[in-house]
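Asker: The following comprises the amino acid sequence and a computationally predicted model.
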Amino acid sequence: MQIDLNCDMGEGFGAYGLGRDEEIVASVSSINIACGFHAGDPHVMARTVRLARERGVAVGAHPGLPDLLGFGRRDMDCSPEEIADFLTYQIGALQAFCMAEGVALRHVKPHGALYNRAAQDERLVRAMAGALARIDRNLLLVGLAGRDNRRMADIAAAEGIVMVFEAFPDRAYTPEGALLSRRLPGAVIHDPQAAADRALRMVMDGTVAAVDGTVVPLAASTLCVHGDNPEGVALAAAIRRGLEAAGVAVRPMQPA
């Protein structure tokens, strides 16, 4: 049994840093690099790609909505066609840095509001997959694991793209299988042991306990730890230790 453990990285901007990328990268197998719209800048992108090459972890693009002030977590009234262009622009920028460092770009994971909307919007998934297919059909598209996995995977496949699904041991879930809004208390898990236990359950049982105790089924091939969580380094290390102790190999994400 194996699972990918990923982290969103490169989310500093200019003089401002965010997260402890150099520490957390030791525990993960893939990283998702911000591409300048919600966070990141050319220097941060170059530095983070270089870090991935040095540490031997897989690299993915983490494109978001053009919302630096809101860190990409506020929704915007953009058409699927506009969003496809946003993805193309951001993926292309990161792809250039990857080429400069001799690193393969493996996947694309939308960020924030864009990610959450894609979990419910088939037109958006189709537009995203179409954008990826025009760039590189080997790119994997990452989406939220839930009840509609098969339907979303089929939509992406129709565009020639493989979709992989993700779960979040450091986030609380609603009974419907969505991530609990960060505006609500308890939305982010800070206890490393609790996150490690949740990760193991996600991998071994394919379920997560929602905030009301409801057992929510999910089939995930990658788990995410948020680098902007103050306890992110401890969380990632605890999750990896727990998985490996149970005989689960931590490896970069693969097509399902």
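Answerer: Received it, and whenever you're ready, just let me know what you need.
Asker: Just name whatever secondary elements the particular helix or strand that has residue 150 in it is in contact with.
Answerer: Assigned by DSSP states H and E, residue 150 falls within helix 149-158. Counting contacts by 3 or more C-beta pairs under 8 Å, 6 or more residues apart in numbering; DSSP states H and E, helix 149-158 packs against helix 122-135, strand 163-167. Bear in mind the C-beta positions are built from the backbone N, C-alpha and C, glycine included.
Asker: can you give me the strands in the stretch 101-250 of the chain?
Answerer: Under the criterion DSSP state E, counting those that start in this stretch, strands of the stretch 101-250 of the chain are mapped to 105-108, 140-144, 163-167, 207-209, 215-217, 222-226, 249-250.
Asker: Just checking: what are the partner strands of the shortest one?
Answerer: The strands beside strand 249-250 in its sheet (DSSP bridges) come out as strand 2-9 (parallel).
Asker: Show me what whatever helix or strand comes next after the partner strand packs onto, helices and strands only.
Answerer: Sequence-wise, the next helix or strand downstream of strand 2-9 (DSSP H and E) is helix 21-24. Here helix 21-24 touches strand 2-9, helix 42-55, helix 232-245, going by 3+ C-beta pairs under 8 Å, 6+ apart.
Asker: mind redoing it with 7 Å?
Answerer: For helix 21-24, the elements it packs on are helix 42-55, helix 232-245, judged by 3 or more C-beta pairs under 7 Å, 6 or more residues apart in numbering; DSSP states H and E.
Asker: buried residues in it?
Answerer: Within helix 21-24, the residues scored as buried using 16 or more other C-beta atoms under 10 Å are 21, 24.
Asker: So, low pLDDT: which residues of the stretch 51-200 of the chain?
Answerer: By pLDDT under 70, the stretch 51-200 of the chain has no low-scoring segment.
Asker: Looking at the chain, which helix is longest?
Answerer: Counting residues, the longest helix in the chain under DSSP state H turns out to be helix 80-101.
Asker: Please enumerate residues in contact with that one?
Answerer: Applying C-beta atoms under 7 Å, 6 or more residues apart in numbering, the external contacts of helix 80-101 come out as 33, 35-37, 45-46, 49-50, 53, 59, 61, 63, 66, 104-105, 108, 114, 123-124, 127-128, 130-131, 135.
Asker: With stretch 112-119 instead?
Answerer: Here stretch 112-119 makes contact (C-beta under 7 Å, 6+ apart) with 38, 64-65, 71-75, 83, 110, 124-125, 128, 143-144, 146.
Asker: One more pass at 8 Å, please.
Answerer: Residues outside stretch 112-119 that contact it (C-beta atoms under 8 Å, 6 or more residues apart in numbering) are 38, 63-65, 67, 71-76, 83, 109-110, 124-125, 128, 143-144, 146, 148, 152, 178-179.
Asker: who's in contact with residue 61?
Answerer: 32, 33, 35, 90, 91, 94, 95, 105, 107, 108, 109.
Asker: Give the helix, strand or coil label for it.
Answerer: Recorded secondary structure, residue 61: strand (DSSP: H, G, I helix; E, B strand; the rest coil).
Asker: Quickly note the distance from it to residue 21.
Answerer: 16 Å (C-beta to C-beta, to the nearest Å).
Asker: before we move on, what about residue 137?
Answerer: Distance of residue 137 to residue 21, computed by C-beta to C-beta: 29 Å.
Asker: any chance of the contacts of residue 61 in TSV, plus neighbour count?
Answerer: Output for the contacts of residue 61, formatted as TSV (neighbours: other C-beta atoms under 10 Å):
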residue	neighbour count
32	30
33	31
35	27
90	26
91	23
94	28
95	19
105	22
107	24
108	26
109	25
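Asker: Next, format the residues you listed as JSON lines and append distance to residue 168.
Answerer: Output for those, formatted as JSON lines (distance: C-beta to C-beta, whole Å):
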{"residue": "32", "distance to residue 168": "13"}
{"residue": "33", "distance to residue 168": "18"}
{"residue": "35", "distance to residue 168": "21"}
{"residue": "90", "distance to residue 168": "22"}
{"residue": "91", "distance to residue 168": "23"}
{"residue": "94", "distance to residue 168": "22"}
{"residue": "95", "distance to residue 168": "26"}
{"residue": "105", "distance to residue 168": "23"}
{"residue": "107", "distance to residue 168": "16"}
{"residue": "108", "distance to residue 168": "18"}
{"residue": "109", "distance to residue 168": "12"}
